[in-house]
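Enquirer: Build the 3D model from these lines:
(chains A and B)
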Amino acid sequence: MVAHSRDASAVRTAGRLNEPRPARVEANFDGTPWQVNHQPVAVLREEWRVLDRWWTEEPVVRRYFEVVLESGENTVVFHDGAGGGWFTQRGA
Amino acid sequence: MGNELTLRRALGALVETVLARPERRDRFVRKVALSARLVGGGSWRRSLTLREPGADGDRIRIALAPKLAELPEPVLELRVELVELTEPAGRQLELLAAGAEDRSRLREGLRQVRASTGSGSVCTVMEVAPWSRIPETRALFVPRDD
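Expert: As a prediction, this is how the structure comes out:
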């Protein structure tokens, strides 16, 4: 793997793969996303929850959705129940 | 079964068994599902699309294992289903196996990348917790200067 030469911070130190990236998500009343980064959701394929590290001061509380956007892109988003906000994530 | 270690062992055995089925022939697995019959009488199912089709039991087992943590209650029966298979030629193989010459060219290429972008610009992926349910904690990319 060759890191991008213009991303100086990424190439100097070890980093984590598949870090969550902030996303702009519009959700329905039941919490399911209907729009991701300005693209309508065509199909909601799967939903699951991750509750972890509840014994620490930084618990992980996430509600994941695997969706297909109208553009055909298959993507995974989650709502962060601990810190708030929506994120996209690869490798989920 | 309610013990996670037992479930993981059962999962490993099921994956190996289903991959060995003659009906699969030489086809690779694109999508796989894990389902269970629960003690309370209900059922449970999760499916997973592999990023790259394959027939490596360890890889499929590692991909499915985090789903076990989502089981809502102990199970009576666990099943693994190959939902989608590729055609026998569904995965492009290398035309030529990487030999010493290729590795030498690769080393030279990486050396040039380091020379132009500096130390730490070439990284390798290191798995640290492939079983983790939190995707960003499963692997690191670390600078490689050898």
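Enquirer: Please identify the next secondary structure element, helix or strand, after the helix or strand of chain B with the lowest mean pLDDT.
Expert: Within chain B, no helix or strand scores below helix B:100-117, which has a mean of 82 by mean pLDDT, DSSP states H and E. Scanning forward in sequence from helix B:100-117 by DSSP states H and E, the next helix or strand is strand B:123-127.
Enquirer: Now that next one: buried residues?
Expert: B:Cys123 (16 or more other CB atoms under 10 Å in any protein chain shown). No exception for glycine: its C-beta is placed from N, CA and C like everyone else's.
Enquirer: now for that strand, which elements pack on it?
Expert: In terms of contacts (3 or more CB pairs under 8 Å, 6 or more residues apart in numbering or on different chains; DSSP states H and E), strand B:123-127 is packed against strand B:139-143.
Enquirer: rewinding a little: for the least confident helix or strand of chain B, buried residues please.
Expert: Buried, per 16+ other CB under 10 Å, within helix B:100-117: B:Leu110, B:Arg114, B:Thr117.
Enquirer: Now distance to chain A too, for these, in JSON lines please.
Expert: Below are the buried residues of helix B:100-117 laid out as JSON lines (distance: CB to the nearest CB, whole Å):
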{"residue": "B:Leu110", "distance to chain A": "8"}
{"residue": "B:Arg114", "distance to chain A": "10"}
{"residue": "B:Thr117", "distance to chain A": "4"}
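Enquirer: Now that B:Arg37 has come up, it's in contact with B:Val75, right?
Expert: Yes. At 6.5 Å, B:Arg37 counts as touching B:Val75 under the criterion of CB atoms under 8 Å.
Enquirer: got any residues that touch both of the two?
Expert: Shared contacts of B:Arg37 and B:Val75 (CB atoms under 8 Å, 6 or more residues apart in numbering or on different chains): none.
Enquirer: Identify the residues contacting the most centrally placed residue in chain B.
Expert: In chain B, the centroid-proximal residue (CA atoms, centre = their mean) is B:Arg59; its distance is 2.9 Å. B:Arg59 is in contact with B:Leu50, counting by CB under 8 Å, 6+ apart.
Enquirer: quick one, the host helix or strand of it and strand B:123-127 angle?
Expert: Using DSSP H and E, B:Arg59 sits in helix B:57-68. Angle of helix B:57-68 versus strand B:123-127, following axes from the mean of the first three to the mean of the last three CA atoms, to 10 degrees, is 60 degrees.
Enquirer: After helix B:57-68, which helix or strand is next?
Expert: Past helix B:57-68, the next helix or strand by DSSP H and E is strand B:75-85.
Enquirer: Name every strand pairing with that next one and say which way it goes.
Expert: The pairing partners recorded for strand B:75-85 under DSSP bridges are strand B:29-38 (antiparallel).
Enquirer: Give the buried residues for the strand it pairs with.
Expert: Buried residues in strand B:29-38, counted by 16+ other CB under 10 Å: B:Val29, B:Arg30, B:Val32, B:Ala33, B:Leu34, B:Ala36.
Enquirer: Can you confirm whether the following helix or strand past it lies near chain A?
Expert: Using DSSP H and E, the helix or strand that follows strand B:29-38 in sequence is strand B:43-54. Yes. Strand B:43-54 is in contact with chain A by CB under 8 Å from any CB of the partner chain, via B:Arg46, B:Ser47, B:Thr49.
Enquirer: low-confidence ranges in chain A?
Expert: For chain A, applying pLDDT under 70 flags the ranges A:1-12.
Enquirer: Are we agreed that A:Val76 is in a strand?
Expert: Yes. Counting by DSSP: H, G, I helix; E, B strand; the rest coil, A:Val76 is part of a strand.
Enquirer: got a list of what B:Lys31 touches?
Expert: B:Lys31 sits next to B:Ser47, B:Leu48, B:Thr49, B:Leu50, B:Leu82, B:Val83, B:Glu84 when contact means CB under 8 Å, 6+ apart.
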